[in-house]
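**Q** coords please:
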Amino acid sequence: MLEAGDRLSRAEFERRYERMPHLKKAELIEGIVYMPSPIRARKHSLPQMLLAGWLLNYASETPGVEGADNSTVRLDLDNEPQPDLMLFKLPERGGQTRFSADDYIEGAPELVVEIVGSSSAYDLHAKKEAYRRNGVREYLAWITGQQRLVWWELQEGEFQEIVPMADGVLKSAVFPGLWLDVQALLRGDKKAVLAMLRLGLDSPEHRAFLTVS
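**A** Next up, the predicted model:
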């Protein structure tokens with residue numbers, strides 16, 4: 001059985017997790033088991049669906065890029081998180097991840113997204129450090145309890161916050177054309193979020209990204 005706070009190897013964590021099919025989410029972060037509380041609607045699942053739609057639309061028009069929802073990731077021997085969302089390049093596009101023989105994602109996704117209730121959540125501390133150390137290129141956190149969104153980029157081994165453009169739009173450095181209207185997102189304006197993404201998908205940088213082998 002898994003218990004929150006257990007200190008386990010990754011192999012033992014997986015063995016116990018597989019024996020608990022009723023359990024929907026558990027994570028191993030720096031060798032310690034975390035078992036998040038039940039998911040709330042307005043603080044988590046609705047925001048997650050909005051960001052999932054944003055990422056799905058990007059992936060649908062960007063060959064060689066895939067996204068995943070709530071998939072277990074084998075980062076290293078002490079870390080097996082289950083991010084809310086992620087976007088990654090396939091190996092043939094130079095991606096950092098691969099699919100294991102038993103159908104897990106191994107390696108660091110280029111972009112990880114987490115929905116968190118407050119700035120004290122472990123997602124923004126121990127898990128963020130694990131993402132940084134393992135080479136996650138970008139990390140986006142929507143802190144719903146504070147109506148705040150932060151997007152970091154890995155630069156010289158450290159996460160640096162991406163500065164929004166003058167119009168408040170955030171742009172991915174790893175995925176050209178992945179543009180986010182933060183204020184539209186925070187007010188739940190789905191059409192405006194997708195309209196800004198459409199501008200990114202039609203941009204010269206996205207077209208150039210599509211031509212890179």
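
**Q** which stretches of the chain form helices?
**A** With DSSP state H, the ranges of helices along the chain come out as 10-18, 46-60, 126-133, 182-186, 190-201, 204-211.

**Q** and residue 103, which of these is closest to it?
**A** helix 10-18 (12.6 Å; C-beta to C-beta). Bear in mind the C-beta positions are built from the backbone N, C-alpha and C, glycine included.

**Q** list the buried ones in that closest one?
**A** Judged by neighbour count (16 or more other C-beta atoms under 10 Å), helix 10-18 contains these buried residues: 10, 13, 14, 16, 17.

**Q** which two among the residues you listed are spaced furthest apart?
**A** Between any two of these (C-beta to C-beta), the greatest distance is 11.1 Å, for 10 and 16.

**Q** chain neighbours aside, what residue packs nearest to residue 190?
**A** residue 50 (6.2 Å; C-beta to C-beta, 6 or more residues apart in numbering).

**Q** can you pull the contacts of that neighbour?
**A** Applying C-beta atoms under 8 Å, 6 or more residues apart in numbering, we find residue 50 in contact with 185, 188, 190, 193.

**Q** residue 67 now?
**A** Counting by C-beta under 8 Å, 6+ apart, residue 67 has contacts 52, 55, 56, 58, 59, 85, 86, 87, 88.

**Q** tell me how far the spatially most central residue of the chain lies from residue 161.
**A** Nearest to the mean C-alpha position of the chain, by C-alpha atoms, centre = their mean, lies residue 112 at 1.9 Å. Look at residue 112 and residue 161: by C-beta to C-beta, to the nearest Å, they are 15 Å apart.

**Q** same question, residue 30
**A** Separation of residue 30 from residue 161 (C-beta to C-beta) stands at 23 Å.

**Q** which of those two has more residues huddled nearby?
**A** residue 30 (15 against 10; other C-beta atoms under 10 Å).

**Q** run through the strands of the chain in chain order.
**A** 27-29, 32-34, 65-69, 73-74, 85-89, 98-99, 105-106, 111-116, 138-143, 148-155, 158-161, 169-171, 179-181 (DSSP state E).

**Q** Throw the ones you listed into CSV and include distance to residue 128 and mean pLDDT, thanks.
**A** As requested, the strands of the chain are exported to CSV (distance: least, C-beta to C-beta, whole Å; pLDDT from 0 to 100):
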stretch, distance to residue 128, mean pLDDT
strand 27-29, 10, 96
strand 32-34, 13, 95
strand 65-69, 19, 97
strand 73-74, 14, 97
strand 85-89, 14, 98
strand 98-99, 23, 96
strand 105-106, 18, 97
strand 111-116, 9, 96
strand 138-143, 6, 97
strand 148-155, 8, 96
strand 158-161, 7, 97
strand 169-171, 18, 97
strand 179-181, 19, 98
